[in-house]
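One predicted model, sequence on top.
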Amino acid sequence: MGILGKNGLERADGEREGVTKFHLRYTRSAPLSAARLATLQGWRRILFDLGLIGQEATDSGPLGFGNVSERCHAEQDPERRFLITATQTGGKPVLTPKDYSLVTGWDLVANRIDAEGPSPPSSESLTHAIFYASLADVRYVFHGHSPEIWSCANALGLPSTARDAPYGTPEIAREVQTLLALPDCRAAGLVVMGGHRNGVISFAARAEDAGHLLIQSLARARGLAPTHQA
């Protein structure tokens, strides 16, 4: 499925992590300030340096992966909007304000994202939206790729979505929604994407907590590997 630009015409999405599978109503607008994006920028760079966000070579070309988002402050922005890294940014070591998008609304039933900014949002935007819609205290969602965490999910006791629920779809969004209703999943602060190979998502009220959850899980998984890898 393509995505809808502000002119209403369907176009193919260029993100190599996967084609965007939701309908996007996107309006191009000016970027936010570097100061407003500083927290996301810092943690996104850390996750890139650790290989949790990045790009890999495949037979069909470079494959980008990973994204981060931040809910806008509830008191200042009651409309539940959130910032997220833009499409086609996984392989960039350092982003600029032009590499972020503002999601202004979403509809799970209609499989739709509304966004504005200098670039269209990540193909994982609908999944990020479910975390913000389900948990009022969550302000940061970090999506990385880790073969170690993904393969050791059972040994680490991490909640996982079904393997037949592919990334970027209403199915994976509903899977996440179901998991987040469970106290143990909310306490874990990290979900393994069973149908999105190597995909893991952390979520927390503070950026440092979301980041540390990924880093700590990576350390634990590397301690277990290769014994517990599938």
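That came in fine, so what should we check first?

does Val191 sit in a helix, a strand or a coil?
Following DSSP: H, G, I helix; E, B strand; the rest coil, we place Val191 in the strand state.

Would you check how far apart it and Gly91 are?
Going from Val191 to Gly91 by CB to CB, to the nearest Å gives 24 Å. Yep, even glycine has a C-beta here, placed from its N, CA and C like the rest.

Also Gly105?
As judged by CB to CB, Gly105 and Gly91 stand 29 Å apart.

cool, and Leu190?
24 Å.

Surely Ser202 and Ala188 touch.
No: using CB atoms under 8 Å, Ser202 is not in contact with Ala188, being 9.2 Å away.

Now do the contacts for Pro31.
Pro31 sits next to Thr96, Pro97, Lys98, Tyr100, Gly117, Pro118 when contact means CB atoms under 8 Å, 6 or more residues apart in numbering.

Partner strands of the strand or helix carrying Thr104, with direction?
Assigned by DSSP states H and E, Thr104 falls within strand 100-107. The pairing partners recorded for strand 100-107 under DSSP bridges are strand 82-85 (antiparallel), strand 112-117 (antiparallel).

so which of these is the most packed in?
Of all the strands paired with strand 100-107, strand 82-85 has the most neighbours on average by mean count of other CB atoms under 10 Å, namely a mean of 24.

number of nearby residues for the residue lying closest to Val94 once chain neighbours are set aside?
Distances taken as CB to CB, 6 or more residues apart in numbering place Arg45 nearest to Val94, at 6.5 Å, with adjacent residues excluded. By other CB atoms under 10 Å, 14 other residues sit near Arg45.

Confirm Arg45 sits in a strand?
No: counting by three-state DSSP, Arg45 is located in no strand; its state is helix.

and His23, how far is that from Trp106?
Plainly put, His23 is 10 Å away from Trp106 if you go by CB to CB.
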